[in-house]
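Colleague: need the 3D shape of this:
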Amino acid sequence: MSTPPRSLATTLFPIGLLMIAMASIQSGASVAKSMFPLVGAQGTTTLRLVFASIIMLLVLRPWRARMNSSTWRSVIIYGMALGGMNFLFYMSLRSVPLGVAVALEFTGPLAVAILASRRAIDFVWIALAIAGLLLLIPIGQTGSAIDLVGAGYALGAGVCWALYILYGQKAGAEHGIQSAALGVMVAALFIAPIGIVHAGSALLNPALIPLALGVAVLSTALPYSLEMIALTRMPARTFGTLMSIEPAFGALSGLLFLGERLSMGQWLAIGAIITASVGATLSMRKETAPPLAAD
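Modeller: Now for the predicted structure:
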């Protein structure tokens, strides 16, 4: 017996969550960068994850969820991937422009989309997203070659992002948003030693608390909770392709918060990426819906 097509509301709900999550992450990145001179990228990542884990543990109370060893394995890998993704991305921002870093990091979810593709039309949307990414990378705007170390950090963040998608879907299949809270806790425990060694007592500066809370909410607690809900309501391939909008949000964040002007080519790139996402969305309505998260 064939599965009925997804309703419009069922399709649009997780997409809307992803849009909010991506806008929140890029806004938080602008705030986070202002903390680099005080505690470095390492300390900023630590404060972001520690405060986010505290918020999510208090709000979501994930200890109520009963998980077996298999689920714990997925949560731990998901959390380590999340921590690595945050850490490596912030490390890349020290020497690579925001738009470039986001575009390079996107190689992770794009790889998920390519490897999970089944039909020829899927490659049309992926090719369009790649074309948009190539136009969006502001190599000409920077006026110099991209720092290879920073680019390497961004690509490493992309690998972690791919693992985050795959294991986030597994971890969230049974316990949904509670798995996101546990994953952030694992990420904080994983990254905290690095931040403590680098920043030391500077992490205890009371002046950092408002900034750290803002980054924790905008860049972690809110978006990763929303993404966990979305991950359990759409296939990993579709999630990966929809995330192609992330570099566009990064470019817009740079315009709004950092005063970066976009060229016509970059605006065309945003249009190409959005078109790819719309195409992926239309394709998603013909697919079988993934299992919903547990209440």
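
Colleague: quick one: mean pLDDT for stretch 70-85?
Modeller: Confidence for stretch 70-85, expressed as mean pLDDT, is 89.

Colleague: which residues does that stretch contact?
Modeller: Stretch 70-85 has contacts (Cβ atoms under 8 Å, 6 or more residues apart in numbering) with 45, 49, 67, 105, 156-157, 160-161, 163-164, 167-168, 170-171, 174-175, 179, 182-191, 224. No exception for glycine: its C-beta is placed from N, CA and C like everyone else's.

Colleague: so for the helix or strand harbouring Gly43, what gets flagged as buried?
Modeller: Using DSSP states H and E, Gly43 sits in helix 36-60. Across helix 36-60, burial judged by 16 or more other Cβ atoms under 10 Å covers 38-57, 60.

Colleague: now do stretch 105-112
Modeller: Those would be 105-112, for stretch 105-112 by 16+ other Cβ under 10 Å.

Colleague: pLDDT on that stretch, on average?
Modeller: In this model, stretch 105-112 has a mean pLDDT of 79.

Colleague: what does that stretch rub up against?
Modeller: The contact list for stretch 105-112 (Cβ under 8 Å, 6+ apart) reads 85, 89, 92, 126, 129-130, 133, 154-155, 157-166, 236-237, 239-241, 243-244, 246-247.

Colleague: for stretch 32-40, measure first residue to last.
Modeller: The first and final residues of stretch 32-40 sit 10 Å from each other (Cα to Cα, to the nearest Å).

Colleague: chain center to it, what's the gap?
Modeller: 20 Å (Cα atoms, centre = their mean, to the nearest Å).

Colleague: again, but for stretch 119-131
Modeller: Relative to its parent chain, stretch 119-131 has a centroid offset of 21 Å by Cα atoms, centre = their mean.

Colleague: now the strands for the protein?
Modeller: For the chain, applying DSSP state E gives no strands.

Colleague: pLDDT-wise, which helix or strand of it ranks last?
Modeller: Across the helices and strands of the chain, mean pLDDT, DSSP states H and E gives its lowest value to helix 139-142, namely a mean of 52.

Colleague: quick check: buried residues in the longest helix anywhere in the chain?
Modeller: Identified as the longest helix of the chain according to DSSP state H is helix 148-175. When burial is assessed from 16+ other Cβ under 10 Å, helix 148-175 yields the following buried residues: 150-151, 153-175.

Colleague: no further questions, thank you.
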